[in-house]
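Student: got a predicted model here, sequence first, then my questions.
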Amino acid sequence: MGLSDTLAARFDVESHGSDVRTELVAGLTTFLAMSYIIVVNPAILSDAIQIEGYGQGEVFQMIAIATILSAAVATTVMALYANRPFGLAPGLGLNAFFTYTVVIGLEIPWQTALAAVFTEGILFIILTAIGAREYVIRLFPEPVKKSVGAGIGLFLLFIGLQELQIVVPDDATLVTLGGIFANPWAILGVLGLVLTFVLWARNVTGAIVLGIVTTSVAGWGLTLGGVFDRGTVTPPTLPAAQYDITPLAGAFVDGLSGIDPVTFVLVMFTFFFVDFFDTAGTLIGVSQFGDFLDDDGDLPDIDRPLMADAVGTTVGAMLGTSTVTTYIESSAGVEEGGRTGLTALVVALLFLASLAVIPIVAAIPEYASFIALIVVGVMMLQGLVEVDWSDPAWAVSAGLTVTLMPFAYSIADGLAAGIVAYPIIKLAVGEGDEVALGQYAIAALLAVYYVLSTRGVIL
């Protein structure tokens, strides 16, 4: 029996209406669609993670390695345990929450933030193992679950626009349009963004990766051609290759000491909530493309891919990266015909192969990396169509969830606003009996927390 036959038998390819060649092409397609995270994740997390004795470029490479390894581990579990064609990696949105809200905003040490991610992963594993998924899902209001993706999308958009210096601070209005065409950084960012949107609109596989690479090459070309000085549109220096991640891996252990319990629980709760529902929503959404859903609209044996996500998150925190989640870009591979875990296995192997490019990832200018935030942010706004805006409870809860995330610069604050608003409006319209007791309890606890935190009683 040849390798092709062995793989076909191991993943039961034929009974899923596929073949080995199709699965291989689908895996390559999914990898190209989601591999931008190798550069974008360290671009975001390196703003928060600082390691004594190492420069930002070296830390950037460490995080890139942690990103690759966590993606490979999680996707391998998806392949071998769940036998589903889904790719996983550290998720956009949660890495921004990790950096800008938890570490920079709340001034929580990055080691403690990793400890919160690790704890969330363990909790996810336990709840998945005991089959408590349905109970957890019922605890959260539907409008919050339907709108959280769009809220994260707006949050990513806001961050991306700031990083490209398209939006800048203003004393009178807080933010305003920047002097884009007087700023080489912003000009290249905007041109790269236009290119990426055009490629995406034309359904070009790997549009985001192509946009990042092309924009980076343009920046380096202009620098080497003498148009700009080194450091204007390119990194001022490039670090030596850094494959030793021991200063980063295991740092979460140090974060488990000296924790403020209330703040830690809120941060962990937010990581868990977004990870849980983002993964569940993505699994259902991608499964629609592959006709994997049953007659009730559910994904059979969904606990298996959820477990892959949970394991990936836990391993990722141990290695030194934020929450791992299933990628909506997996739909690109499914559309190519990927139907089994063989597609996911190809994705995992390609992630491992990408370790070879670690020495050059630090050469990617930041404006090129942050193009991905704006493009993905726009994609995530599609979730707004699932909100019933004619229902007052849905409109208020979803509206606050979506808008407070970018305005408060926190996914947690947006989630809390939506969760607290839902039972209040339900009571106001005489539908309080439709709210579960657990939903009242969570709303009450969050209300108390925010009263105390905004009065300065607790962090």
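Tutor: Thanks, I have it.
Student: from now on I want contacts and neighbour counts done on CA atoms only, so please keep to that.
Tutor: OK.
Student: quick check: the gap between residue 98 and residue 74.
Tutor: Residue 98 sits 20 Å away from residue 74 when distances are taken as Cα to Cα, to the nearest Å.
Student: which one's more surrounded, the two?
Tutor: A count of neighbours by other Cα atoms under 10 Å puts residue 74 above the other of residue 98 and residue 74, at 31 against 28.
Student: which elements pack onto whichever helix or strand the more buried one is part of?
Tutor: Assigned by DSSP states H and E, residue 74 falls within helix 56-77. With contacts taken as 3 or more Cα pairs under 8 Å, 6 or more residues apart in numbering; DSSP states H and E, helix 56-77 sits against helix 37-45, strand 88-90, helix 303-319, strand 324-326, helix 341-353, helix 358-361.
Student: any idea of the mean pLDDT for the second one?
Tutor: For strand 88-90, the mean pLDDT works out to 97.
Student: partner strands of it, parallel or antiparallel?
Tutor: If you go by DSSP bridges, strand 88-90 pairs up with strand 324-326 (antiparallel).
Student: so which bits of the helix or strand just after the strand it pairs with are buried?
Tutor: Following strand 324-326 in sequence order, the next helix or strand is helix 330-335 (DSSP H and E). Of the residues in helix 330-335, 330, 331, 332, 333, 334 count as buried by neighbour count, 16 or more other Cα atoms under 10 Å.
Student: could the helices and strands packed on helix 56-77 go into JSON lines alongside distance to residue 270?
Tutor: Shown next, in JSON lines, are the helices and strands packed on helix 56-77 (distance: least, Cα to Cα, whole Å):
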{"stretch": "helix 37-45", "distance to residue 270": "17"}
{"stretch": "strand 88-90", "distance to residue 270": "15"}
{"stretch": "helix 303-319", "distance to residue 270": "14"}
{"stretch": "strand 324-326", "distance to residue 270": "14"}
{"stretch": "helix 341-353", "distance to residue 270": "27"}
{"stretch": "helix 358-361", "distance to residue 270": "30"}
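Student: now tabulate those in CSV and tack on mean neighbour count and distance to residue 105.
Tutor: CSV is the format used below for the helices and strands packed on helix 56-77 (neighbours: other Cα atoms under 10 Å; distance: least, Cα to Cα, whole Å):
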stretch, mean neighbour count, distance to residue 105
helix 37-45, 26, 14
strand 88-90, 31, 21
helix 303-319, 27, 20
strand 324-326, 30, 22
helix 341-353, 26, 32
helix 358-361, 17, 27
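Student: where among those is average confidence lowest?
Tutor: Of all those, helix 358-361 has the smallest average pLDDT, which comes to a mean of 89.
Student: now that helix, how far from the centre of its chain.
Tutor: 22 Å (Cα atoms, centre = their mean, to the nearest Å).
Student: just to revisit the earlier point, so which of the helices and strands packed on helix 56-77 is nearest residue 256?
Tutor: helix 303-319 (12.2 Å; Cα to Cα).
Student: what angle do the closest one and helix 56-77 make?
Tutor: Angle, helix 303-319 to helix 56-77, by axes from the mean of the first three to the mean of the last three Cα atoms, to 10 degrees: 160 degrees.
Student: elements contacting helix 303-319?
Tutor: helix 56-77, strand 88-90, helix 110-129, helix 261-290, strand 324-326.
Student: residues in contact with stretch 41-55?
Tutor: Stretch 41-55 is contacted by residues 56, 59-61, 63-64, 67, 90, 92, 95-96, 98-100, 103-104, 110, 239, 247-248, 321, 366, 369-370 when judged by Cα atoms under 8 Å, 6 or more residues apart in numbering.
Student: coming back round to it: with distance to residue 374 added, can I get the helices and strands packed on helix 303-319 in TSV?
Tutor: Below are these laid out as TSV (distance: least, Cα to Cα, whole Å):
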stretch	distance to residue 374
helix 56-77	20
strand 88-90	17
helix 110-129	25
helix 261-290	18
strand 324-326	19
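Student: look up how far residue 40 lies from the residue nearest to residue 358 when sequence neighbours are not counted.
Tutor: Counting by Cα to Cα, 6 or more residues apart in numbering, residue 61 is the residue found nearest to residue 358 once chain neighbours are left out, at 6.3 Å. For residue 61, the distance to residue 40 (Cα to Cα) stands at 12 Å.
Student: what of residue 288?
Tutor: 28 Å.
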